[in-house]
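My questions are about this predicted structure, shown below with the sequence.
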Amino acid sequence: MHFYPDDRVALFIDGANLYATAKLLGFEVDYMRLLSLFRQKAQLLRPIYYTAIAEDQEYSSRRPLIDWLDYNGFAMVTKPMKVFPDTDGRRKIKGNMDIELTIDAMCLAKSLDHLVIFSGNGDFRSLVVALQEKGKRVSVVSTLRTQPPMVADELRRQADQFIDLADLERHVARNI
């Protein structure tokens, strides 16, 4: 993991994607340790966590994490999950946060040197290209060590730096 100490950095965390990736790797992320790791590497200006939440539930299993992150230095971007029937009439849930993450990254890029995207979603390749055209360095955090890999090949290849979450486990895993 390479950062310059004077890099102005922001973390853009696709919450659902990071959760699924860490779970497949067999650990849970300790977000305080994650902040600490990046604060040691560069000037961490802003960690942003994106997640959809079920609005019809008074209590969500995500609520304690969302509240904890909000109180501990993360900017939280949430929106209600959308529930709709699929073609077979089954209930489908959608909570994609790609647009919100992309807009924030483009708006904040002017005050950053390095953007770190925690997602393997290949749709972010266009965002990485646009940020690089603005002279920004972009790192992508996901993993190749699952079957199938959680990172799209085109995203991994486009990034200035690919960081495998499996390599960060000893630094960011929650001690259970």
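Arrived safely.

For this structure, give me the ranges with low pLDDT.
56-61, 92-94 (pLDDT under 70).

At which residues are the strands of it located?
Applying DSSP state E to the chain gives strands spanning 8-14, 43-53, 75-80, 82-85, 91-94, 114-118, 137-142, 161-164.

so Ala152 touches Ser126, yeah?
No: applying CB atoms under 8 Å, one finds Ala152 not in contact with Ser126, separated by 11.8 Å. (Glycine included, C-beta is placed from N, CA and C.)

out of the two, which sits in the busier spot?
The neighbour comparison of Ala152 against Ser126 (other CB atoms under 10 Å) goes to Ala152, with 18 against 13.

Spatially, and excluding backbone neighbours, which residue is closest to the more buried one.
Excluding the flanking residues, the one nearest Ala152 by CB to CB, 6 or more residues apart in numbering is Gly122, at 2.9 Å.

which residues touch the one you found?
When contacts are counted by CB atoms under 8 Å, 6 or more residues apart in numbering, Gly122 touches Ala152, Asp153, Glu154, Leu155.

how about the strands of the chain in TSV, adding mean neighbour count?
Shown next, in TSV, are the strands of the chain (neighbours: other CB atoms under 10 Å):
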stretch	mean neighbour count
strand 8-14	23
strand 43-53	20
strand 75-80	15
strand 82-85	10
strand 91-94	10
strand 114-118	25
strand 137-142	24
strand 161-164	17
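
can I get the ones you listed in a markdown table with distance to Leu65?
What follows is the strands of the chain, written out as a markdown table (distance: least, CB to CB, whole Å):
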| stretch | distance to Leu65 |
| --- | --- |
| strand 8-14 | 12 |
| strand 43-53 | 8 |
| strand 75-80 | 10 |
| strand 82-85 | 21 |
| strand 91-94 | 18 |
| strand 114-118 | 15 |
| strand 137-142 | 18 |
| strand 161-164 | 22 |
